[in-house]
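Colleague: fold the following, please.
(3 chains)
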Amino acid sequence: MRQKLFFGGLIVSFALSAIGHFAHWDMTLQFIISAIAVVFVAGFLGKATESVAHYAGQRLGGFLNATFGNAAELIIAIFLVKEGLFDTVKASITGSIIGNLLLVLGLSLLAGGIKFKQQFFNNQLAEHNATLMIMAVIGLFVPAVFVGAEHFTLNKDHFLSITVACILIVSYLLWLVFSMITHKDVLADKEMNADHGEEPAWSKGVSIILLIVATVMVAFVSEWLVHTLDSFSEKFGLSELFVGAFVIAIIGNAAEHSAAVMLAMKNKIGAAIEIAIGSSLQIALFVAPVLILLSTFFGDTMDIIFTPIELTAIGVAVFIAKSVSRDGTTNWYEGFLLLMVYVILGVAFYLV
Amino acid sequence: MRQKLFFGGLIVSFALSAIGHFAHWDMTLQFIISAIAVVFVAGFLGKATESVAHYAGQRLGGFLNATFGNAAELIIAIFLVKEGLFDTVKASITGSIIGNLLLVLGLSLLAGGIKFKQQFFNNQLAEHNATLMIMAVIGLFVPAVFVGAEHFTLNKDHFLSITVACILIVSYLLWLVFSMITHKDVLADKEMNADHGEEPAWSKGVSIILLIVATVMVAFVSEWLVHTLDSFSEKFGLSELFVGAFVIAIIGNAAEHSAAVMLAMKNKIGAAIEIAIGSSLQIALFVAPVLILLSTFFGDTMDIIFTPIELTAIGVAVFIAKSVSRDGTTNWYEGFLLLMVYVILGVAFYLV
Amino acid sequence: MRQKLFFGGLIVSFALSAIGHFAHWDMTLQFIISAIAVVFVAGFLGKATESVAHYAGQRLGGFLNATFGNAAELIIAIFLVKEGLFDTVKASITGSIIGNLLLVLGLSLLAGGIKFKQQFFNNQLAEHNATLMIMAVIGLFVPAVFVGAEHFTLNKDHFLSITVACILIVSYLLWLVFSMITHKDVLADKEMNADHGEEPAWSKGVSIILLIVATVMVAFVSEWLVHTLDSFSEKFGLSELFVGAFVIAIIGNAAEHSAAVMLAMKNKIGAAIEIAIGSSLQIALFVAPVLILLSTFFGDTMDIIFTPIELTAIGVAVFIAKSVSRDGTTNWYEGFLLLMVYVILGVAFYLV
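Modeller: Below is the predicted model:
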């Protein structure tokens, strides 16, 4: 029954946003419809990924989930890069990182912590996540300081940006090797390995086809949504920055939100944390650098220099998330604090 | 005998500073007398609070101690806010935070560490204290960066300040709920629970009356002290900043100093840390935001924007205190390092 | 056999660089020869120190190793201070700190981690190292912020610099007292104490004489090398900053590099970490402040104000090294991340 409702919503919202786009409906209406459609197709992509993950094994599944989980954001961002809207791209990267670290993680810890007094997860994974978050901050922070303080030429700026992007990508890929191959037992969560699974609804072949279909749908809806943003922001007096960092990020992460909260409430806090922190690490260490490399192919290099307030937001989110997660235990109050930091940043960005 | 001396000193110093104030004695003399009186009335307030805490139970006692322990600072600051001396208020908030984290904590660890090779306290409390310190830094840091980098109008500045103030207050109140109700067992210090107590000198009723009397006395003496500061600073060539951040803060924290050091030397390092770190958290998460809300009632909103050097001092104090306390063990060298950081900041502020 | 080759190389390279210097050979040739000679004499100094350490006991040996291990850097820096090249001195201090924390530590963890899945060392030492690293960052950071934000006069700048320098030196000396006398058992590494030692090649008396000879040789070669730097940098278009922070630092730390990597591959990761982190702490808390005090005797005070990019490099190195080492376990991926941060900083400095 719920399945049917979901697929009904998926098809209707996708069809309506397609029609709205090509029939040039009112921009605000288009925005609302495609925002709803993004939530549905992201959810569909999530289900398809999970199903493929079931057949491919848990670790490889983790990799696929990580890769496809951010597909919506990546595809939206590629369209924005192609149109040269670099500032919006960086705002949405910022929003995605802090959205995962503060909103998704905060809601998960709060929801899980209300049901369970304390929740536990692998200590060593927490330590490595913290180190990787610092790596991500360094990768974004060092170029900003050097380019700003030393007045680099555009050439030097681009050279540094591309170098750092390559280093971050290599670091991320080796992290996958480390965490899934050479040290997967060290980082494993005892509870997680046990009973991960309801039977998936689809066979192996169907799952793969649906994964491809879902990715294509995400690509289309994302492009339609991007087209409406300008007039939408103007109408409601929202800054490009706020739309990129909060509106798009919340929409794009809808699938992760619900999955992580659900897992936390089943006391699988380790899995919830892997979605929230893992997703933000993937954005910072993989998606953002890939966008920089892609931009050079489109002809105009996007540098890796974020604005001071974006760097502040990312730094702040990393430090509180690191502090909350480091000891391997969580509770409702830690979730609450993360949400409060998200609200502070949200208000601050809204006022810009 | 010591009791009698104390109350003698209390009454004499209070009376003299009252007479000095109304008879318009020499300002420097007034300053010295009321500074001495503040030490006595703060000590009196501490004793009364402790006595009430004995009857109210240890946890509620902790709450009362936390609330009344900073009463002197709060009342001094309210007078300063009323007179519109916002810069001095912020300097004294800064001084209070770093004074507790570096001077009080440093002296406690040093004194305790000379007597005992290693002292231990609850690990989880240390982790939560660290997270709350980061929350406090975020609350002060984010508005400063946004208002500075984006040139906010006064309206936006005030809106952001009030929002952050409300969030910090709610976070502090829920921390009390978390640490005293829902998770009080998780954060408890084994040794602390055991033999906390000498019998208090007063009955329940007397204790409450004395608490009220002490608070009123603190209020009066504080106002008299504030009136002398301007001419005092001028005479000795001290900057308003140095007076606010070091002179007032050391005077206002006199009671906490002696209590924490005494507890550390009795090997109750957990209790000493709760006074030192707990007090600084209360200043940052409760006293400072309350002052901002109060200022709006007095007509002229005080924003939450601290100067770069104040933010540096607070950030530096938080990072070293966090690092020292995080592992749940302490020793003399860690206390020494905290004191050295306090000296560095003291010299730097003196030179401004 | 290997011994003979080493001493052959030592004598030949030393002799050639002496001849080159006094016969005014081509500057580039001089640079290359004396760079090679520095590697040999640093290695010789390392051997002599180790041998003396064998007779003096492990702890005192640690102290001697720490003191003589940085002798090359100290002596190079003294010549630079005498010539008033303060910027190069600070660049080389920066380079030495980040070289030890990122390159030496990174190579050690990577080499050790490839051979052993996980390596373990004393937890409490890791915590104290982290706190000392923060102390070092505070000592360099606070003066920079205050002098920058408050436009201190030169007098105030020098007063603050000398005060902070004295505090750092006292902190370092007391750290030796703490770690080698009062708390040496708490910080001891279980494995390390066991089988530290091959028999040294020399007797007690010979070891001491060789130590003195080696130190004198380092002093000479260092001065010859410094004389060639200007023309070398010009020829290859390298900035003074890059030469100081990377070229000199890598040469001057050659002995530490090989010793630490060797120890890591013998699974003595605790000793390797003590060389890498211990050496960088000694530079920040002892060598740098001593240079400041020395400069006042030479007539022109060198202040403690590092540039924003130098502070960024040091801060970044400290934060990632702290995060990697904090939990007392290491692996190849953590080593790899440290090296990547070193590359990022290297590229950024090269572009300046």
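
Colleague: need the contact list for residue A:51.
Modeller: By C-beta atoms under 8 Å, 6 or more residues apart in numbering or on different chains, the residues touching residue A:51 are A:200, A:201, A:202, A:207, A:210, A:211. (C-beta placed from N, C-alpha, C; glycine too.)

Colleague: and the fifth one, what does it touch?
Modeller: When contacts are counted by C-beta under 8 Å, 6+ apart, residue A:210 touches A:44, A:47, A:48, A:51, A:202.

Colleague: now it: phi and psi?
Modeller: phi -60, psi -40 (degrees, to the nearest 10).

Colleague: and it, how far is that from chain C?
Modeller: From residue A:210 over to chain C the distance is 34 Å, taken as C-beta to the nearest C-beta, to the nearest Å.

Colleague: re earlier: name the nearest of the contacts of residue A:210 relative to chain B.
Modeller: residue A:47 (34.9 Å; C-beta to the nearest C-beta).

Colleague: tell me which element that closest one falls in.
Modeller: helix A:27-56 (DSSP states H and E).

Colleague: can you give me how far that helix is from the chain middle?
Modeller: Counting by C-alpha atoms, centre = their mean, to the nearest Å, helix A:27-56 is centred 13 Å from the centre of its parent chain.

Colleague: show me which residues of it are buried.
Modeller: A:27, A:30-31, A:33-54, A:56 (16 or more other C-beta atoms under 10 Å in any protein chain shown).

Colleague: residue in the stretch 1-150 of chain A nearest to chain B?
Modeller: Counting by C-beta to the nearest C-beta, the stretch 1-150 of chain A gets nearest to chain B through residue A:118 (6.7 Å).

Colleague: just give me the neighbour total for that residue.
Modeller: 14 (other C-beta atoms under 10 Å in any protein chain shown).

Colleague: cool, and residue A:184?
Modeller: Residue A:184: 14 surrounding residues under other C-beta under 10 Å.

Colleague: how about it, phi and psi?
Modeller: Here residue A:184 shows phi and psi, under degrees, to the nearest 10, equal to phi -70, psi -30.

Colleague: phi and psi next, for the residue lying closest to residue A:52 once chain neighbours are set aside.
Modeller: Among residues not flanking residue A:52 along the chain, residue A:207 sits closest, at 4.7 Å (C-beta to C-beta, 6 or more residues apart in numbering or on different chains). Phi and psi for residue A:207, reported as degrees, to the nearest 10, are phi -60, psi -40.

Colleague: swap in residue A:120?
Modeller: Backbone torsions of residue A:120, given as degrees, to the nearest 10, read phi -120, psi 150.

Colleague: now do it, the pLDDT please.
Modeller: Here the pLDDT value assigned to residue A:120 is 89.

Colleague: pull up the gap between the closest residue to it other than its chain neighbours and chain C, please.
Modeller: Of all residues not flanking residue A:120 in the chain, residue A:329 sits nearest, at 5.4 Å (C-beta to C-beta, 6+ apart). Residue A:329 sits 15 Å away from chain C, taking C-beta to the nearest C-beta as the criterion.

Colleague: convert the C-alpha atoms of the helix or strand where residue A:11 lies to CSV, please.
Modeller: According to DSSP H and E, residue A:11 maps onto helix A:2-22. Extracted C-alpha coordinates of helix A:2-22, given in CSV (Å, rounded to 0.1, in the frame of the first residue of the first chain):
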residue,chain,number,x,y,z
ARG,A,2,2.7,2.5,1.1
GLN,A,3,4.8,1.3,-1.8
LYS,A,4,2.0,2.0,-4.3
LEU,A,5,1.4,5.5,-2.8
PHE,A,6,5.1,6.2,-3.1
PHE,A,7,5.3,5.2,-6.8
GLY,A,8,2.1,7.0,-7.6
GLY,A,9,3.6,10.2,-6.1
LEU,A,10,6.8,9.6,-7.9
ILE,A,11,5.2,9.3,-11.3
VAL,A,12,2.7,12.1,-10.9
SER,A,13,5.2,14.6,-9.5
PHE,A,14,7.8,13.7,-12.2
ALA,A,15,5.2,14.0,-15.0
LEU,A,16,3.8,17.3,-13.6
SER,A,17,7.2,18.9,-13.3
ALA,A,18,8.0,17.8,-16.9
ILE,A,19,4.8,19.3,-18.2
GLY,A,20,5.3,22.4,-16.1
HIS,A,21,8.8,22.9,-17.4
PHE,A,22,8.0,22.5,-21.2
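
Colleague: what is that helix packed up against?
Modeller: Helix A:2-22 sits against helix A:27-56, helix A:204-236, with contacts defined as 3 or more C-beta pairs under 8 Å, 6 or more residues apart in numbering or on different chains; DSSP states H and E.

Colleague: pipe those into a markdown table and attach mean pLDDT per row.
Modeller: Conversion of the helices and strands packed on helix A:2-22 to a markdown table gives the following (pLDDT from 0 to 100):
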| stretch | mean pLDDT |
| --- | --- |
| helix A:27-56 | 83 |
| helix A:204-236 | 82 |
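
Colleague: which stretches of the stretch 101-250 of chain A have low pLDDT?
Modeller: Counting by pLDDT under 70, the ranges of the stretch 101-250 of chain A that qualify are A:189-199.

Colleague: up against chain B, what does it have?
Modeller: Taking C-beta under 8 Å from any C-beta of the partner chain as the contact definition, the stretch 101-250 of chain A meets chain B at A:117, A:118.

Colleague: at 7 Å instead, please
Modeller: Proximity of the stretch 101-250 of chain A to chain B is confined to residue A:118 under the rule C-beta under 7 Å from any C-beta of the partner chain.

Colleague: how far does stretch A:113-128 stretch from start to finish?
Modeller: Using C-alpha to C-alpha, to the nearest Å, one end of stretch A:113-128 lies 23 Å from the other.

Colleague: how about the strands of chain A, start to end?
Modeller: A:119-120, A:329-330 (DSSP state E).

Colleague: okay if I get those as TSV plus mean neighbour count and distance to residue C:352?
Modeller: Output for these, formatted as TSV (neighbours: other C-beta atoms under 10 Å in any protein chain shown; distance: least, C-beta to C-beta, whole Å):
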stretch	mean neighbour count	distance to residue C:352
strand A:119-120	20	47
strand A:329-330	22	43
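
Colleague: would you convert those into TSV that also reports distance to residue A:262?
Modeller: As requested, the strands of chain A are arranged in TSV below (distance: least, C-beta to C-beta, whole Å):
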stretch	distance to residue A:262
strand A:119-120	14
strand A:329-330	16
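
Colleague: pull out the buried positions in stretch A:78-89.
Modeller: Those buried within stretch A:78-89 under the rule 16+ other C-beta under 10 Å are A:78, A:79, A:80, A:81, A:85, A:86, A:87, A:88, A:89.

Colleague: contact partners of it?
Modeller: With C-beta atoms under 7 Å, 6 or more residues apart in numbering or on different chains as the test, stretch A:78-89 has contacts from A:77, A:222, A:223, A:226, A:240, A:244, A:291, A:294, A:295, A:298, A:300, A:302.

Colleague: thank you, goodbye.
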